[in-house]
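> Sequence first, predicted coordinates after that:
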Amino acid sequence: MNVITTLSAKRRERQIKNERKLLRELSIESLKKSVQNSFSSERVQGGIWVQQGVEEGCYDVAIEAYLLGGQYSRFGYGGEPVEHIKLRCEKELKHLTDTLYNFWLYWKFGDESLMQESTYYACEQFVDKWWMEGFKKGEQRRKLRLH
């Protein structure tokens, strides 16, 4: 008797396998440095525990952006320019940026609108940086035929 698997199950299995391979190349130290560089000027209401929670939220969004970049790197391997590829996943990038921004707003209640605008730009640059990191790593893995 044969086991019948669906195409979507096979796709999901392959996606998980590729994500695991990409995540092996991601270091926690680089995530930490990136969060500190991007959000060192941001002040959070609360103590050390709150700041650790905020860092962990930033790590989650960075990892998601990294994996998204790695997923879309297949188009770069085909020769498509990065600008066009970013347009393909514009909705997902906007969602990640908004998620991180809303997360920061939750911890920074009571700030003025100018600070909120600078926080949004910092979130946007942070997500873009990690998307590019994932894109470069994914493209490199494809060139080396490690995918």
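Yep, it's here.

> By mean pLDDT, flag the weakest helix or strand of this structure.
Least confident helix or strand, the chain: helix 48-77 with a mean of 86, by mean pLDDT, DSSP states H and E.

> And that one, what does it pack against?
When contacts are defined as 3 or more CB pairs under 8 Å, 6 or more residues apart in numbering; DSSP states H and E, helix 48-77 packs onto helix 7-24, helix 28-39, helix 82-88, helix 90-107, helix 113-143. All C-beta spots, glycine's among them, are computed from the backbone N, C-alpha and C.

> Comparing the ones you listed, which stretch has the densest surroundings?
Mean neighbour count (mean count of other CB atoms under 10 Å) peaks for helix 113-143 among the helices and strands packed on helix 48-77, with a mean of 18.

> How far does the least confident helix or strand of the chain sit from its chain's centre?
Mean C-alpha position of helix 48-77 versus that of the full chain (CA atoms, centre = their mean, to the nearest Å) differs by 3 Å.

> got the buried residues for it?
Of all the residues in helix 48-77, those buried under the rule 16 or more other CB atoms under 10 Å are 54-55, 57-59, 61-73, 75-76.

> per-residue confidence at Gly138?
As predicted, Gly138 sits at a pLDDT of 91.

> Wait, it touches Leu68, no?
No. Using CB atoms under 8 Å, Gly138 is not in contact with Leu68, being 9.8 Å away.

> okay, stretch 28-48 in PDB with CA atoms only?
Output of stretch 28-48 as PDB, limited to C-alpha atoms (Å, rounded to 0.1, in the frame of the first residue of the first chain):
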ATOM      1  CA  ILE A  28      22.300  35.400  17.800                       C
ATOM      2  CA  GLU A  29      25.200  37.900  18.300                       C
ATOM      3  CA  SER A  30      24.500  39.500  15.000                       C
ATOM      4  CA  LEU A  31      20.800  39.800  16.000                       C
ATOM      5  CA  LYS A  32      21.800  41.400  19.300                       C
ATOM      6  CA  LYS A  33      24.100  43.900  17.700                       C
ATOM      7  CA  SER A  34      21.600  44.800  15.100                       C
ATOM      8  CA  VAL A  35      18.900  45.500  17.700                       C
ATOM      9  CA  GLN A  36      21.200  47.600  19.700                       C
ATOM     10  CA  ASN A  37      22.400  49.600  16.700                       C
ATOM     11  CA  SER A  38      18.900  50.100  15.300                       C
ATOM     12  CA  PHE A  39      17.100  50.900  18.500                       C
ATOM     13  CA  SER A  40      19.700  52.100  21.000                       C
ATOM     14  CA  SER A  41      18.200  55.600  21.000                       C
ATOM     15  CA  GLU A  42      14.700  54.300  21.700                       C
ATOM     16  CA  ARG A  43      13.600  54.500  25.300                       C
ATOM     17  CA  VAL A  44      11.200  52.000  26.800                       C
ATOM     18  CA  GLN A  45       9.000  52.600  29.900                       C
ATOM     19  CA  GLY A  46       9.800  49.900  32.400                       C
ATOM     20  CA  GLY A  47      12.800  48.000  33.700                       C
ATOM     21  CA  ILE A  48      15.300  45.400  32.500                       C
END
